[in-house]
Each structure stands twice: as C-alpha cells, then as structure tokens.
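A.B. asks: Let's see this in three dimensions:
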Amino acid sequence: MRRANGMGTVVKVKGRNLRKPYKGLVTLGYTSEGNPKKKVIGYYRTVREGYAALDTYIKAPKAFELGKLTFKEVYNLWFEKYALKQNYKKKTIDGYKSLYNKHLSKFDDRIFSEIKVLEWQNLFESIYSNSIERALKSRLNDIYKFAIKNEIVDKSQSYLLEVSKTPKKIIRKIFTREEINLLFSIKENRIAQALLILIYSGLRIEEFLHLANNDVTNCINVRDSKTTAGLRIVPIHNRIKDLIQELKKENNEYLYTFKNKKAIYSTFKYKFKNLMKELNMHHTIHDTRHTFATMLNNVDANSTSIIKLIGHSDFSITENVYTHKDLEELQKAIDLLN
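C.D. replies: Below is the predicted model:
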C-alpha cells in the first residue's frame, strides 16, 4: 500500500515465525548521506492493524508513545518522579519495593494502558491478606493518578477494584516427613537446599535471602528482619549443617545466591513454584516456617524458646539479649527435631 510521504509504512519481518510479523515504521529524518532514519513504532498481527497504529501515531505521536509504555516503565517513572521525592522513610520505600517485587512485577511486560480491571481483581483474589490487598489498591491508585496526570492513560482502573471485606483465612500445610525426606533426596537442587534450611531454622524467606555469608558461623545471626523481634540468633540443626557449609564455601557476599548473585524473592518464588509442581507438592513458601514451629511444638519444646527461635512479635526487643544459658536452651530445642 502506497502512502503519502511522512505517513509511514508497514513491512513484514522476514526469516522468523512471529506472532506479530508486521512492523510499523516512520521516517524521522535523513542522514548527511541522504539515507532515511527509520523508527519502529510497534509490531502487529496484520498489515491493517499496522497502518491503523501508524495513523494514530501520525495524529498524536507523544500520546501514542506514552500509550505504549509497559507497566514496569510506568512504575519506574512513578517511583522516580513521585515516590522518591516525598521524603518517605527508608522503611516505607522498602515496603513499596517489596510490594512491587512480590505482586506487581508479574505485570512488568504488559502495556500499561491495556491492563484490564479483571486482571487486577484476579491478582487481589489470589492474595491471602486483606492488608496487602489494601496496600496494593493504594499503590495502584497512586500510579494511575500519576499516569492520568502525565497523559499515559485517560482513566483509572484502580477505583473499580474491590478489597475483601472479611479477613481471609490462610490455610497452612506443614511439610510431611515423606516430603522432607524427598527434599533431602534431591538436596543438590538449589531450591530444595533453601527449603530444607528454612524448615529446620524457621527463617522467613526474606530473612534467609538477606543473610550475608558472615552472618552464619556456628549459628545463624538474623540481622535483617521485618520486625525488631525478628532480629535473633538461631542455632543450626545437624540435618542442615552440611548444606549451610556448602553454601558458605561458595564464598559469596550473600549466603544463598543464584549464579553467585544475591537471590531475589521473585526469582526464588518462580523456581519454588516450578519445583512444587515437579514434585507434586502443594505448599506456599511460608509453610516452611509453619512446619518448623509445628515440629517444635510436637516435641514439646520450651514455649519461650519457640517464640525466640521464630522471632515472633510476642518476644519484645527489650528481652532480645542472649545469654549463654539462652543459647543452650535454644540449641536444646533445635536438637529435639529429627
């Protein structure tokens, strides 16, 4: 199809079997040698779809470009131009990052303006926490306000989202003895290693991923936790000593890594889900911590020791001073597990 000069063209990408094989091109100018400077505005399923996009681009190029931003690009713009300029405390900013990594990042590659209300609602319904739902809605409200103000979208999807009115009941399932033994049988698997350490230490996944190599000696020193009560010392159970020593021998800055780089939660969660599917197990990552507490309770470990070991909020930071006797009691509690 021959179009007037300056109206762009659509060409087929050769040599590859693509879902969207046609690309729209516009000419931005010419080089000193007289060659055109081409810009790709997008890829399309059909020629007609490509020309329709070109017509939209020609009429309002700025709006077209903004309308093609991915969620990740919009989020980063909001974070840089709004969130970081509000003088929020580090804890608040860390909370934003955590919410993004755990829940919102799965939309990273989606065109922001094309995300539907139902997709956001499905995300909400997959979360077993009213407080997280409320935090997500608040964050999306902020992002959509920013996007409307900057002409990225013309309406907000977030105001239509419904947050559960009644607390959701979280069903925890402990890892059975058979499942634990199965994990030991594949302990060379990177995720299985982590799960076994979590099951026999009671660490939160975030605490584990933040462990520096030198935080682990003859015990685990949790120095980075979501609560002050979480800052604690956890003796190392005999069943995971070898696993921890192998990780320490890798001599990385952080104890647990992927390809010698700090493991991030979103990647860990993705690999965890794949392993659970492969082993036909049905667990959340938090089930490791629940398993640890249940095992301690089942062997009649001292209740104070249990609270200290899991870093429960009932254990006040003012009490969080470990004497030699305290450490002995904690080691006794850990040693009760088999």
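A.B. asks: For the longest helix along the chain, output the C-alpha coordinates as CSV.
C.D. replies: Longest helix of the chain, by residue count under DSSP state H: helix 130-149. Only the C-alpha atoms of helix 130-149 are listed here, as CSV (Å, rounded to 0.1, in the frame of the first residue of the first chain):
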residue,chain,number,x,y,z
ASN,A,130,-6.6,-8.0,53.4
SER,A,131,-3.8,-5.7,54.4
ILE,A,132,-1.8,-6.5,51.3
GLU,A,133,-4.9,-6.0,49.1
ARG,A,134,-5.4,-2.6,50.7
ALA,A,135,-1.8,-1.7,50.2
LEU,A,136,-1.9,-2.8,46.6
LYS,A,137,-5.0,-0.7,45.9
SER,A,138,-3.5,2.3,47.5
ARG,A,139,-0.3,1.9,45.4
LEU,A,140,-2.3,1.4,42.2
ASN,A,141,-4.4,4.5,43.0
ASP,A,142,-1.1,6.5,43.2
ILE,A,143,0.2,5.0,40.0
TYR,A,144,-3.0,5.6,38.0
LYS,A,145,-3.2,9.2,39.3
PHE,A,146,0.4,9.8,38.1
ALA,A,147,-0.4,8.1,34.7
ILE,A,148,-3.5,10.3,34.2
LYS,A,149,-1.7,13.5,35.1
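A.B. asks: Average pLDDT for it, rounded please.
C.D. replies: Averaged across helix 130-149, pLDDT comes to 89.
A.B. asks: helices or strands next to it in the packing?
C.D. replies: Packing partners of helix 130-149 (3 or more CB pairs under 8 Å, 6 or more residues apart in numbering; DSSP states H and E): helix 71-81, helix 90-99, helix 117-125. For every residue, glycine as well, the C-beta is placed using N, CA and C.
A.B. asks: Show me what the longest one is packed against.
C.D. replies: Which is helix 71-81. Using 3+ CB pairs under 8 Å, 6+ apart, the elements in contact with helix 71-81 are helix 130-149.
A.B. asks: Buried by neighbour count: which residues of the helix it packs on qualify?
C.D. replies: By 16 or more other CB atoms under 10 Å, the buried positions in helix 130-149 come out as 132, 133, 135, 136, 137, 139, 140, 142, 143, 144, 146, 147.
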